[in-house]
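1. model the structure of this input:
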Amino acid sequence: MQPQNMINWFEIPVTDFDRARSFYETIFDIEMSVTSMQGYKMAFFPAFEGKISGAICFGEGYIPSGAGSLLYLNANPDVNLVLDRAIQAGGRIIVPKTLISAEVGYYAFIVDTEGNRIALHSNR
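-> Predicted structure coming up:
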């Protein structure tokens, strides 16, 4: 069996879809495409062939939380750029840019506009 990533998709629950979409588009300087299906609304993070991606999701059963699993999102080239935009977009920093190691890079934790605790990672 060929080795595979253990994660192949993620979904971030939101209660205010437009606010959350604006937050993530602002902090990562991206555009997210939107779809609605079966009573759920989703905005997709950019995906590249062979790479993991995900979406913010609104609908029954999607409940934001500051506890539970922790999702690390790519904040390259520098976590600080995303942290600055996160504050401006209504988020909150709970762990500032912190060195993991020279080989692994840096991390930080934020709380998004919905109350989700999200981790950020960059190489520098």
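
2. pull the longest strand from this structure.
-> Looking across the chain with DSSP state E, the single longest strand is strand 92-101.

3. roughly how far is the helix or strand following it from the heart of the chain?
-> For strand 92-101, the following helix or strand on the C-terminal side (DSSP states H and E) is strand 105-111. Here strand 105-111 shows a centroid-to-chain-centroid distance of 11 Å under the convention C-alpha atoms, centre = their mean, to the nearest Å.

4. one more: stretch 67-76?
-> 6 Å.

5. and it, end to end?
-> Taking C-alpha to C-alpha, to the nearest Å, stretch 67-76 runs 25 Å from one end to the other.

6. contacts for stretch 84-104?
-> Identification of contacts with stretch 84-104 by C-beta atoms under 8 Å, 6 or more residues apart in numbering yields 19, 22-23, 26-29, 79-80, 83, 105-113, 117. For every residue, glycine as well, the C-beta is placed using N, CA and C.

7. try 6 Å this time
-> Contacts to stretch 84-104, defined as C-beta atoms under 6 Å, 6 or more residues apart in numbering, come from residues 23, 26-27, 79-80, 83, 106-113.

8. picking that back up, specify the angle between the longest strand of the chain and strand 105-111 in degrees.
-> 160 degrees (axes from the mean of the first three to the mean of the last three C-alpha atoms, to 10 degrees).

9. pipe the contacts of stretch 84-104 into a markdown table and attach pLDDT, distance to Ile7 and neighbour count per row.
-> Output for the contacts of stretch 84-104, formatted as a markdown table (pLDDT from 0 to 100; distance: C-beta to C-beta, whole Å; neighbours: other C-beta atoms under 10 Å):
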| residue | pLDDT | distance to Ile7 | neighbour count |
| --- | --- | --- | --- |
| Phe23 | 98 | 22 | 23 |
| Thr26 | 98 | 25 | 16 |
| Ile27 | 98 | 21 | 25 |
| Val79 | 97 | 20 | 25 |
| Asn80 | 98 | 25 | 16 |
| Leu83 | 98 | 23 | 20 |
| Tyr106 | 98 | 21 | 19 |
| Tyr107 | 97 | 17 | 18 |
| Ala108 | 98 | 20 | 21 |
| Phe109 | 98 | 18 | 18 |
| Ile110 | 98 | 20 | 25 |
| Val111 | 98 | 21 | 17 |
| Asp112 | 98 | 19 | 23 |
| Thr113 | 98 | 24 | 20 |
